[in-house]
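Chemist: using only what follows, build the 3D model:
(one chain, ligands or ions: 1)
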Amino acid sequence: MTTQAATPSSPPERGRTAELFHYSLRALALVWSTSRRLTLGLAFATVVAGLLPALAAWLGKQIVDAVVAAMQLHQSQGEAPLWPVLRYVLLEAGVVALIAAAQRGLSVQQSLLRVLLGQKVNLMILEKAQQLSLAQFEDSEFYDKLTRARREASVRPLSLVNKLFSLIQNGISLASFAVLLVHFSPWALAILVIGALPVFFAEAKFSGDAFRLFRRRSPEARLQTYIEAVLAREDHIKEVKLFGLAPLLLQRYRDIFATLYTEDRALTIRRDSWGFLFGLLGTLTFYMAYVWVVIDTVNGRVSLGEMTMYLLLFKQGQSTISASLSAISGIYEDNLYLSNLYEYLEHPVAAEQGSLTEGICPGDGIRFEEVGFHYSGAAKPALEGINFHLRPGQSLALVGENGSGKTTLIKLLTRLYNPSQGRILLDGSDLQDWNTEALQQRIGVIFQDFIRYQLSAGENLGVGDVAAFNNESRWQDAAQRGRASDFIEQLGQGYQTQLGRWFKGGQELSGGQWQKIALSRSYMRDKADILVLDEPTAAMDAAAEAEVFEQFRQHAQGKMTILISHRFSTVRSADHIIVLEQGRILEQGHHADLLAHSGRYAHLFQLQARGYH
Ligand SMILES: Nc1ncnc2c1ncn2[C@@H]1O[C@H](COP(=O)(O)OP(=O)(O)OP(=O)(O)O)[C@@H](O)[C@H]1O
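Modeler: Coordinates of the predicted model:
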């Protein structure tokens, strides 16, 4: 497994300062495209929430000064009107209510945007996943990228935008505080800003460290998620119990956690210790300014009301500055995490090249010409020098020991992978020149590791042809051919019965029954003239297998069929048999020829035949 920490060209490692806000604009655009109304609402509430605190502070000053003036009047004349004081109190109450409304407006709009944006980003991630090739999914490095994107990135864009807005809000507040404070002393303002700077630099540095840590250990995090799945999923728990795997896996889980926790702890302690020290510096500067104002008040340079206002401004100014600074470091952190999302979304996908919906030589069938394939990272090729020609109406059987390349050959034919050497022709045209959809329409395939969808029985068939996903008569037809109709009709709600154990009322099936479902699924594709069955009957009883093949033969008339099976009783009737060994064709021909040849096929056939006696 490769970690990503060493990727030198990825945005976070490249010129950190330059990349600091690299994704802010994109995140803003994303939020804007999610909901213009909410984004505008957020911006408006931000400006209002930014301006009002300074107004409240100024009103506070007016109140104190009005009180002092009223007290003096009361002392000299024995009475003083209350209204000049109370009007400011009323106004301040109104402003405080407005601040609360603006804050509430912010949080409501943020909550709504969070939901909308979460959905949007998740859809972007899932849609992108559909454009990727099978090989990309099998690449552990890439898979890490996908996992990281899914785990973190869906909340990050909004978090980034919220912090941007909070920065703007704090900026507006600070500017308005500055307008009021500058009357006291521009130096006091400068001192407050400088005092808060170290916290920011520390925060920015530690956010970067946290991100790099997160990125470096994503393989471990993935392993943890995998162990959780093995220990807690219904389809794994059987083996876990019987093999007594739980203590071993739990120990591994604990070990991974212990390593991760040690790193986390070290970072948290460092981050908070420095944060505390630099925070003290900020507090110190604040109290210096405090002393200054107090002295000036005692000396009569500023009024009592002004002193109240300055102290409030200092206090609020300081918390606004630290809020802005943590917003900036948060923006930095979100930018780093977003780089994951965009790296994933921008991962190149092979452009769809082919456009053919018909070959240049219709009716020619399938030709493999010197086809070879090498899995990336594998020591040796999985297939080499494969040549054969399969015509419409013919059946081909692939035999060979485990790992000889049978399934790989099917994956090439279905274009899940492209050959590393040679070419595959369908009706005279290279598979790569075919339009993917047209090609897929022609091929009905079930793999040995077919999917047991946690859907209804009917839908489990419907997935075989999305155009007929809900078509009940097509389900019945396919189920009859795949020999699944009998048991489906006996299920509590027939074709509507929920299958599997994941959802309420789900009905679990036996291995053979699932296989019949998968086989029927391949019959849904009724326009397909290439039928591929990769060990379709391994879990079926002998009677069911015989029945399935009888049906298959009838259905397959005029079509091309490719069958992978370890059972020679089914292989023998194929028109053409290819024996694979270590990715190469060892022998090929009819059953009778191959027996007469007395090679590997004959040997294996006799071995199995003996087993039946
Ligand atoms: N996704 C993959 N990545 C790398 N190597 C693979 C992958 N899938 C299969 N292989 C390797 O390619 C070779 C051929 O595998 P393949 O699945 O085609 O064999 P098979 O003949 O279908 O085997 P079986 O009878 O066990 O199903 C094996 O050596 C296997 O280890």
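Chemist: confidence score at Gln472?
Modeler: Heads up, residue 472 is Glu, not Gln. Looking at Glu472, its pLDDT is 92.
Chemist: next helix or strand past the longest helix seen in the chain?
Modeler: In the chain, assigned by DSSP state H, the helix with the most residues is helix 246-298. For helix 246-298, the following helix or strand on the C-terminal side (DSSP states H and E) is helix 304-345.
Chemist: how about whichever helix or strand comes after that next one and the ligand, touching?
Modeler: Counting by DSSP H and E, the next helix or strand C-terminal to helix 304-345 is strand 366-373. No - Strand 366-373 is not in contact with the ligand by C-beta under 6 Å from any ligand atom; minimum separation 8.5 Å. In short, each C-beta sits where N, CA and C put it, glycine included.
Chemist: only alpha carbons, please: show strand 366-373 as CSV.
Modeler: Below are the C-alpha coordinates for strand 366-373, written out as CSV (Å, rounded to 0.1, in the frame of the first residue of the first chain):
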residue,chain,number,x,y,z
ILE,A,366,-15.6,-12.6,-31.7
ARG,A,367,-11.9,-12.7,-32.5
PHE,A,368,-9.1,-12.6,-30.1
GLU,A,369,-5.8,-11.8,-31.9
GLU,A,370,-2.6,-12.2,-29.9
VAL,A,371,-4.3,-10.9,-26.8
GLY,A,372,-2.2,-10.3,-23.7
PHE,A,373,-3.0,-8.7,-20.4
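Chemist: list the buried residues in that strand.
Modeler: For strand 366-373, a neighbour-count test (16 or more other C-beta atoms under 10 Å) marks 366-369, 371-373 as buried.
Chemist: helices or strands up against the longest helix of the chain?
Modeler: The helices and strands touching helix 246-298, judged by 3 or more C-beta pairs under 8 Å, 6 or more residues apart in numbering; DSSP states H and E, are helix 186-216, helix 218-232, helix 304-345.
Chemist: could you redo the last one with a cut-off of 10 Å?
Modeler: helix 186-216, helix 218-232, helix 234-242, helix 304-345 (3 or more C-beta pairs under 10 Å, 6 or more residues apart in numbering; DSSP states H and E).
Chemist: follow-up on the earlier one: out of the buried residues of strand 366-373, the closest to the ligand would be?
Modeler: Phe373 (8.5 Å; C-beta to the nearest ligand atom).
Chemist: pick the most deeply packed of the helices and strands packed on helix 246-298.
Modeler: With neighbours defined as mean count of other C-beta atoms under 10 Å, the helices and strands packed on helix 246-298 peak in mean count at helix 304-345, which reaches a mean of 22.
Chemist: so Gln588 sits against His576, correct?
Modeler: Yes - Gln588 lies in contact with His576 (C-beta atoms under 10 Å); the separation is 6.7 Å.
Chemist: name the residues contacting each of those two.
Modeler: Common neighbours of Gln588 and His576 are listed as 388, 396, 398 (criterion: C-beta atoms under 10 Å, 6 or more residues apart in numbering).
Chemist: tell me the backbone dihedrals of the last one, please.
Modeler: Reported as degrees, to the nearest 10, the phi and psi values for Leu398 are phi -110, psi 130.
Chemist: list the buried residues in stretch 52-59.
Modeler: 52-59.
Chemist: my bad, stretch 436-443
Modeler: Neighbour counts over stretch 436-443 (16+ other C-beta under 10 Å) mark 439, 441-443 as buried.
Chemist: same thing with stretch 536-553?
Modeler: For stretch 536-553, by 16+ other C-beta under 10 Å, it's 536-537, 539-540, 544-545, 548-549, 551-552.
Chemist: next: stretch 270-279.
Modeler: In stretch 270-279, counting by 16+ other C-beta under 10 Å, buried: 271, 274-275, 278-279.
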